[in-house]
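**Q** Structure, please.
(one chain, ligands or ions: 1)
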Amino acid sequence: MKSKCVLVLCLSAFFSLPACSSRFSTVGTQAQHGSVKLAKNLFLLDDYSEWYGAGRVKSTEEFDILKKAFALSAAKGNIGTWLGIPSMQSTEDNHMMQELIAELKPDYIIETGTYKGGTTLFYATVLEKVSKNGRVITIDIDPQVEEASKFDVFRERVTVLKGDVVSEEVISRIGDIVKPGDTVLVTLDTSHKREHVLKELQVYSKFVSAGGYIAVQCTACNVGHNPGNGPLTAVRAFLRRNKDFIIDNKRERFLFSSFLSGFLKRVK
Ligand SMILES: C[S@@+](CC[C@H](N)C(=O)[O-])C[C@H]1O[C@@H](n2cnc3c(N)ncnc32)[C@H](O)[C@@H]1O
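**A** Take a look at the predicted model:
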């Protein structure tokens, strides 16, 4: 409890800095106040997963304001980089993926949606530290990995497949690589429309054996630009029929995850 209070105080101090708030738009400033309130609410609960999990947080006024601020920021091109290559992820989610990679030591990380390959490079960089032979398979209809490919670890550890992630050709190529029983961590980041995500879940869950994970990205976008028609709705539909996976809310403990209720663990 003491450490929770210290963190809340630190957050409060950070968000009340005048130099900081002047750099943000009105929405951003509101978001900062909202985030302090949100943090206080969360940390006063003994088990915040009860409240934060299952996408419930998305309906809070505070989190809606935060999401608008994040969307504005992303629209301005304020996305992060890994070793200089754009990585369209929150620091919290990349950190959690790092934890999962270190824990699972996967034989394969399968990433749908490569873009510039900054996140792919991040996964490969971490994987190299914990696994002798682990590889990343990344798929995109238009992979733009010229810069990422300049890194040795990318050339040595990454297989880039060009094509539609749900095409028979791509799926069969992955089937040739991944063997039953391999430890696999999948992350889905192409289209965030319900039907497409559900299809990806159905297809890519087959490559995951017990103990492995699927990280469904942008479940937080189920509101906003994809109201009721996004990844979270797809997750719910998938889990209704597939009892081999559960939502692992503990993976959202860094609070501002875009993967709300999106870390799915295969339990059998
Ligand atoms: C959000 S970006 C991926 C960002 C990347 N994962 C990162 O963290 O930096 C989405 C990517 O999905 C790709 N994409 C969209 N629909 C696709 C599909 N059906 N098959 C393959 N790639 C697709 C786009 O070309 C785009 O590069």
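
**Q** Counting neighbours, what do you get for the closest residue to residue 85 other than its chain neighbours?
**A** Using CB to CB, 6 or more residues apart in numbering and skipping residues adjacent in sequence, the residue nearest residue 85 is residue 118, 3.5 Å away. Bear in mind the C-beta positions are built from the backbone N, C-alpha and C, glycine included. For residue 118, the neighbour count with other CB atoms under 10 Å is 23.

**Q** now do residue 102
**A** 13.

**Q** Repeat that for residue 205.
**A** Quick note: residue 205 (other CB under 10 Å) scores 18 neighbours.

**Q** Look at it and give its secondary structure.
**A** The assignment at residue 205 comes out as helix when based on DSSP: H, G, I helix; E, B strand; the rest coil.

**Q** What's the per-residue pLDDT of the closest residue to it other than its chain neighbours here?
**A** For residue 205, ignoring the flanking residues on the chain, the nearest one in space by CB to CB, 6+ apart is residue 214 at 6.2 Å. According to the prediction, residue 214 has pLDDT 98.

**Q** Show me what the helix or strand where residue 214 lies is in contact with.
**A** Per DSSP states H and E: residue 214 is located in strand 213-216. The contact list for strand 213-216, computed with CB atoms under 8 Å, 6 or more residues apart in numbering, reads 93, 97, 100, 104, 185-188, 197, 201, 204-205, 208, 231, 234-235, 245, 248, 251, 259, 262-266.

**Q** Look at the residue nearest to residue 205 and say how many residues are nearby.
**A** Residues near residue 214, counting by other CB under 10 Å, number 24.

**Q** That one and the ligand, how far apart?
**A** Distance, residue 214 to the ligand, by CB to the nearest ligand atom, to the nearest Å: 14 Å.

**Q** what do you get for residue 133?
**A** 23 Å.

**Q** which non-adjacent residue is nearest that residue?
**A** What sits nearest to residue 133 in space, not counting adjacent residues and going by CB to CB, 6+ apart, is residue 107, at 7.2 Å.

**Q** Isn't the one you found up against residue 185?
**A** No - with contact defined as CB atoms under 8 Å, residue 107 does not count as touching residue 185 (9.3 Å).

**Q** These two: who's more crowded?
**A** Taking other CB under 10 Å, residue 107 and residue 185 do not tie; residue 185 has more neighbours (25 against 20).

**Q** For that one, give the beta-bridge partners.
**A** Residues in a beta bridge with residue 185, per DSSP bridges, are residue 109, residue 213.

**Q** what residues are up against it?
**A** 97, 100-101, 104, 106, 108-110, 212-213, 215.

**Q** just residue 183 next, same as before
**A** Residue 183 sits next to 104-108, 209, 211-212 when contact means CB under 8 Å, 6+ apart.

**Q** Just the buried ones from the residues you listed, in ChimeraX syntax?
**A** Buried residues among those (16 or more other CB atoms under 10 Å), as a ChimeraX selection:
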select :104,106,107,108,209,212
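
**Q** how far away is the residue lying closest to residue 165 once chain neighbours are set aside from the ligand?
**A** Spatial nearest neighbour of residue 165, chain neighbours left out: residue 112 (4.4 Å); criterion: CB to CB, 6+ apart. For residue 112, the distance to the ligand (CB to the nearest ligand atom) stands at 7 Å.

**Q** I figured residue 112 hits residue 190, correct?
**A** Yes - counting by CB under 8 Å, residue 190 is a contact partner of residue 112 at 4.9 Å.

**Q** Between these two, which contacts overlap?
**A** Any residue near both residue 112 and residue 190 by CB under 8 Å, 6+ apart counts here, and that gives 140, 165, 200.

**Q** that older thread, which ones among the contacts of residue 183 map onto helices?
**A** In this view, these that belong to helices under DSSP state H are residue 104.

**Q** Nice, that's everything, thank you.
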